[in-house]
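Undergrad: below: sequence and its predicted model.
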Amino acid sequence: MAAELKILLGNTIKSRRSALGISQEELAARAGLHRTYVSDVERGARNPSLESVQKLASALELSLPTLFQKASDRESRLVEILLVEDNLHDIKLTTRAFEKARVMNPIHVVRDGVEALEFLFATGRHANRKDAALPEVILLDLNLPEKNGIEVLREIKADERTRRIPVVILTISSRERDITECRRLGADTYIVKPVRFESFGEVASNLNLAWTLVRPLSDATIESDLPGGARLAVTGRS
């Protein structure tokens, strides 16, 4: 099984398991497989046999063709990330971290709190997004111009359209007061800047965000100072 398909299949299994509200242990028990085996399959780290995939599909209440179709569908739909950050240096560090990790998800960047809400609710400068899909994770800096991160978070979690989007707070320190307030308002977790892909990967795993597509290394990897792999759409102030 190709590396890309293993990743897509693993993400699909994890996403379906989360939707059913069952643990890896329960899925393994249903499928008659070892939990470590299921964990490896979900991470795309194991080449599963067709028999094992059939068992997993049945345990997930899907037919084998449906499971493969769902995995195939994920390839054509990479979920989007919204990065709300005003500091250009931090934007470059974050997107470069994703590029080095070969993450291909589209990343949209807005640079103040007002524009973040315009982007999410398709108003103002982003009125043309009325038919666009919402991002499925938001990386939100606290220290923003126009409207600060806590105010933005409050509006995100107060609106039915956006309250279920996981929000990861970006902060320069783990000050208990700020973190407590963000958690009270509904933030899922936080990352201390600068953002490293390892820290974001751990957060994504904890939130069951089975959506990243990692590009496999080619025989000759070309290093670049610019984040060329992630599709970056920077809007707002220059």
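TA: Ah, there it is.
Undergrad: who touches Arg46 in this structure?
TA: Contacts here follow C-beta atoms under 8 Å, 6 or more residues apart in numbering; on that basis Arg46 touches 6, 37, 40. The C-beta positions use only the backbone N, C-alpha and C, and glycine is treated the same way.
Undergrad: can you flag the buried ones in those?
TA: Neighbour counting with 16 or more other C-beta atoms under 10 Å marks 6, 37, 40 as buried within those.
Undergrad: tell me how the chain divides into domains.
TA: If you go by automatic domain parsing, the domain ranges for the chain are 3-75, 81-234.
Undergrad: just checking, what's the longest helix in the chain?
TA: Assignment by DSSP state H gives helix 3-20 as the longest helix of the chain.
Undergrad: what about the strands in the protein?
TA: Along the chain, counting by DSSP state E, strands occupy 81-84, 107-110, 137-141, 167-171, 189-192, 232-234.
Undergrad: which residue is the nearest non-sequential neighbour of Gln81?
TA: No Gln there; residue 81 is Ile. Sequence neighbours aside, Ile107 is the residue nearest to Ile81 in space, at 4.8 Å (criterion: C-beta to C-beta, 6 or more residues apart in numbering).
Undergrad: bridged to the one you found, which residues?
TA: According to DSSP bridges, the residues that bridge with Ile107 are Ile81, Leu232.
Undergrad: do you know the pLDDT at it?
TA: The confidence metric pLDDT takes the value 87 at Ile107.
Undergrad: hmm, it is touching Arg96, no?
TA: No. Counting by C-beta atoms under 8 Å, Ile107 stays clear of Arg96, with 11.3 Å between them.
Undergrad: of the two, which one has the most company?
TA: Ile107 (23 against 18; other C-beta atoms under 10 Å).
Undergrad: from Asn47, how far out is the residue nearest to Ile81?
TA: Between Ile107 and Asn47 the distance is 30 Å, computed by C-beta to C-beta, to the nearest Å.
Undergrad: would you mind listing where this protein has pLDDT under the threshold?
TA: 1-4, 73-79, 100-104, 173-175, 196-238 (pLDDT under 70).
Undergrad: now the helices for it?
TA: Going by DSSP H, the chain shows helices at 3-20, 24-31, 35-42, 50-59, 64-75, 88-100, 113-121, 149-158, 176-185, 197-206.
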